[in-house]
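Participant: A structural model of the following input is requested.
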Amino acid sequence: MDGVPNTIARSGGIIIYVPTAYSVDEMKVHTTMFDAAYGHSNGGAISISTRGGGNQVHGTLYDYKRWAALNANSWANNRLGMRKPPVSYNQVGFALTGPVHIPKLYNGRDRTFFSLAYERDDDKRDLFRQARVPTELERNGDFSQTLNSLGTGLLQIYDPWTTVGSGSSATRT
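Facilitator: Coordinates of the predicted model:
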């Protein structure tokens, strides 16, 4: 971020700081064969430049709210007859940039600038998870009554050790 590594060198890397959406000026994703300046990884790198100030004061104030009444239920919940999960998500923040000016002491016009940003996420929601418990037959290894994932027919189980190739296709029992 702004030319400085933003991760801790551990397995997979741990991101140290995530800038607010309104404090990001530019973002680039670098994949394979990128310049050595982006080292530390062979999979990819993300470069983020944050906004700097200017001679004019600029600001943004925002409030993003997800209203439960306007959210739709998921396809899986509708299929299973489950109700829509309650959602109460609110993201508020601001960003302010401009020149540093201390009356009668310092005028930073064309020289020194500030950039300030704040963001807060309130995410109060119950997490609903869909799960399935094996039947008594399935616990004993009998899947002859198990429906497929769409619930439209019986599940087909194949023995991977019986795979026989024939041209560009394969068959098994």
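
Participant: three-state assignment of the residue of the chain most remote from its centre?
Facilitator: Distance from the centre of the chain peaks at K104, with 46.9 Å (C-alpha atoms, centre = their mean). Following DSSP: H, G, I helix; E, B strand; the rest coil, we place K104 in the coil state.

Participant: before we move on, what about R79?
Facilitator: R79 ends up helix, using three-state DSSP.

Participant: Next, count neighbours for it.
Facilitator: Applying other C-beta atoms under 10 Å, we find 12 residues neighbouring R79. From N, CA and C alone the C-beta is placed, and that goes for glycine too.

Participant: What separation is there between it and L150?
Facilitator: To L150, R79 is 9 Å away according to C-beta to C-beta, to the nearest Å.

Participant: give me the element V29 is part of.
Facilitator: According to DSSP states H and E, V29 maps onto strand 24-31.

Participant: Would you mind checking the average pLDDT for that strand?
Facilitator: Averaged over strand 24-31, pLDDT sits at 85.

Participant: now do stretch 63-81
Facilitator: The model assigns stretch 63-81 a mean pLDDT of 84.

Participant: ranges for the strands of the chain?
Facilitator: Using DSSP state E, the strands of the chain run over residues 7-8, 14-15, 24-31, 44-50, 58-66, 89-99, 101-102, 106-107, 113-123, 164-166, 169-171.

Participant: Next, the angle strand 89-99 makes with the third one.
Facilitator: With axes from the mean of the first three to the mean of the last three C-alpha atoms, to 10 degrees as the criterion, the two stretches strand 24-31 and strand 89-99 enclose an angle of 110 degrees.

Participant: Which residues outside strand 24-31 are in contact with it?
Facilitator: Y38, G43, G44, A45, I46, S47, I48, S49, T50, R51, G52 (C-beta atoms under 8 Å, 6 or more residues apart in numbering).

Participant: Between the residues you listed, which sits nearest P160?
Facilitator: Among these, G43 lies closest to P160 (C-beta to C-beta), at 30.8 Å.

Participant: how close does Y64 get to E119?
Facilitator: Using C-beta to C-beta, we find Y64 at a distance of 10 Å from E119.

Participant: So between those two, which is more surrounded?
Facilitator: Just comparing Y64 and E119: by other C-beta under 10 Å the higher neighbour count belongs to E119, 17 against 12.

Participant: Quick check: beta-bridge partners of the more buried one?
Facilitator: Assessed by DSSP bridges, E119 has beta-bridge partners G93.

Participant: what sits against it?
Facilitator: T20, A21, Y22, Q91, V92, G93.

Participant: and the nearest residue to the third one once chain neighbours are set aside, how many neighbours?
Facilitator: The reference is to Y22. Counting by C-beta to C-beta, 6 or more residues apart in numbering, Y22 lies nearest to A95, which is 4.0 Å off, once chain neighbours are set aside. Around A95 there are 22 other residues, counting by other C-beta under 10 Å.
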